[in-house]
Structure formats: C-alpha cells, structure tokens
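J.: below are the sequence and a predicted model; questions follow.
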Amino acid sequence: MTLRIIPERYLPHVQGALRIVTALLFLQHGTAKLFGVPHVDMFNNMKLLSLLGVGGVIELVGGLLLLVGLFTRPVAFLLSGEMAVAYFGFHAFQNVWPLLNKGELAALYCFVFLFFSVAGPGRFAIERR
C-alpha cells in the first residue's frame, strides 16, 4: 500500500500550479533584463542584441507563454536549453559545485522546464481548451 498525501487525481492541478509559479518566477529574469524591473545592477546599460538581451527576450516571451500554457512543450524545451547554456556557459567553469558557482537556479530551471517539455502543461492551460 502506498501512502499518498495528495490523491493522484490532483496531479494535473499540482503540475499546472508548478508551471504557473515557475513561469512567474522566471518572468522576473526577462523583465529585469529588458525593463529594469526588478532592478538588477548587472543589467544596467544592457544591449538588446547582446547575449543577455536575447536571453531576456527568450525569458520574457517564453515565460509568458508558459504562464498561460500555450505551446508548453516546445517552449519549455527551448527554455530548458537556454538554462543549460546559462549553466554551462556562465556558471560551471567557475566551480564544480552549483552552490559555489551560483548556478543552482539555472540547473533547477533547466530540469523543471525539461519536465514540462515531456509532461505537458497540466491544468489551467490555454492549450487544454
């Protein structure tokens, strides 16, 4: 007998909630880079056609699409790839440990987005209507 705190029938609801919360948190990265909200000093004077600028556009558009649950699988796959590039291109070379190279968030986003690219959006998604 398996002990289940939340019945399995609620899995799509929890999956949808995870998608929405993840998208809202991820959107902050795009808005910080493109609009300065919330303000992050590192993104001052950032050019739109720079690596960080293009990343900001991907984060903003991808985050919005993920939030509403539209094109979830391909968008999540693209975002997973972006986060893999962020981790291996900016964090991994600094130190082998994600806690020390400040790449924990990029690694976690990478695998959460990979999950959505396989599992789909769950509930509360436009594409389910």
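T.: Sure thing, it's come through.

J.: and the helices in this structure?
T.: In the chain, the segments counted as helices under DSSP state H are 11-35, 51-68, 72-86, 98-101, 104-119.

J.: for those, which one sits closest to residue 92?
T.: Nearest to residue 92, of all the helices of the chain, is helix 98-101, at 6.3 Å by Cβ to Cβ. C-beta coordinates here come from the backbone N, C-alpha and C atoms, glycine included.

J.: how far out from the middle of the chain is that closest one?
T.: In terms of Cα atoms, centre = their mean, to the nearest Å, the gap separating the centre of helix 98-101 from the centre of its chain is 19 Å.

J.: before we move on, what about stretch 78-96?
T.: On the basis of Cα atoms, centre = their mean, stretch 78-96 sits 13 Å off its chain's mean C-alpha point.

J.: give the rounded mean pLDDT of that stretch.
T.: In this model, stretch 78-96 has an average pLDDT of 95.

J.: start and end of that stretch, how far apart?
T.: Its first and final residues considered, stretch 78-96 spans 25 Å by Cα to Cα, to the nearest Å.
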